[in-house]
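*Asks:* Provided below are the primary sequence and the corresponding predicted coordinates.
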Amino acid sequence: MKLPPRAAGLMAVAVLACLTGVPGMPGASAAQAAEAGALPSVDMEATVKAAQIDPRRPDDTLTPGAKASVLLVERALRDRRLLDAKWVDGYFGTTTIAAFAKFQRSLGRTGLAASGLPDTASLTRLGAGRFTVTHVIGPGARVSTGGVVVDARTRSMLAEAKRLLGRDLVLLQGSYNPGGDPTSAGTHDGGGVVDISVKGMSSATRTAAVRALRRVGFAAWLRNPDQDDWPWHIHAAAISDTDLSSRAQHQIGDYYLGLNGLAGRAPDDGPKVPIRTWEEYRRH
Ligand SMILES: [Zn+2]
């Protein structure tokens, strides 16, 4: 194509602008700006929700609102030869969990950090050059509260549940506690999980405490000694905490599916509360 000299000059200016930067965006190259605009986004909250529920489903129902994000994740796993193309379907089931765990191990991670539940760092790495990550969830640092260790997100959730309840909650067991309670079968190995004393609580107060915990984003149940050989207590697992152990992830999936989080997968026996994550609670 032959251009009149003036048009050619304008094009040269445009090319130069691309090379040197975007007006009004100091420091950002045009390539970066174009890339940010062109890349699709993965909604981390929706993806983590699907990764907790889908492995527990008896059927192939997709988690509402998660399909587009899960597909982007699955295509990236497929292109790294970690997931067979036939599983690229928007369903974050056990095969996709296993593929994501393989990806996490490829980053040099082990144990809890390679459970297959997407966390911010691994999801961002997987998306490099392919997708951006929005609605980021972070468990935060490990902190000590009430004599036990939890992550900062869980501590904030507990503080809000206490405020709603109007009384203190005494912690019997915290998180990151592998082998701390042999009857808990690994649920307390990771983050987001606490046991709460019900000593001195009336039956109504116990129910109110479970309700307050559920409202702020815990999958919470009152447990009796027949269920897990421990004295009466409340077991609570923070929904979508990316440090959850695999066992705790399964409990949360079961909670979404209306079950009680125990091995027998009986119906949920707790107070009915609309299920919300901590992030969803804070937006309301
Ligand atoms: Zn527990």
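*Replies:* Now that the structure is in, tell me what you want to look at.

*Asks:* what helix or strand is Ile196 on?
*Replies:* Ile196 is part of strand 193-197, with elements assigned from DSSP states H and E.

*Asks:* counting contacts, what elements does that strand pack onto?
*Replies:* Here strand 193-197 touches helix 152-165, strand 171-173, strand 233-238, going by 3 or more CB pairs under 8 Å, 6 or more residues apart in numbering; DSSP states H and E. All C-beta atoms are positioned from the backbone trio N, CA, C, and that covers glycine.

*Asks:* could you redo the last one with a cut-off of 6 Å?
*Replies:* strand 171-173, strand 233-238 (3 or more CB pairs under 6 Å, 6 or more residues apart in numbering; DSSP states H and E).

*Asks:* ok, the shortest one near the ion or not?
*Replies:* Right, strand 171-173. No - between strand 171-173 and the ion, judged by CB under 5 Å from the ion, nothing touches; the nearest distance is 5.9 Å.

*Asks:* partner strands of that strand and their direction?
*Replies:* Strand 171-173 sits in its sheet next to strand 193-197 (antiparallel), going by DSSP bridges.

*Asks:* CA atoms only for the partner strand, dumped as CSV, please.
*Replies:* C-alpha atoms of strand 193-197 as CSV (Å, rounded to 0.1, in the frame of the first residue of the first chain):
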residue,chain,number,x,y,z
VAL,A,193,-11.1,-24.4,60.3
VAL,A,194,-11.8,-24.0,64.0
ASP,A,195,-13.6,-25.9,66.8
ILE,A,196,-15.6,-23.8,69.2
SER,A,197,-16.7,-24.6,72.8
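
*Asks:* show the contacting residues for Ala185.
*Replies:* By CB atoms under 6 Å, 6 or more residues apart in numbering, the contact list for Ala185 reads Arg247.

*Asks:* ok, the closest residue to the ion within the stretch 101-250 of the chain to Leu171 distance?
*Replies:* Across the stretch 101-250 of the chain, the shortest distance to the ion (CB to the ion) belongs to His235, at 3.7 Å. As judged by CB to CB, to the nearest Å, His235 and Leu171 stand 12 Å apart.
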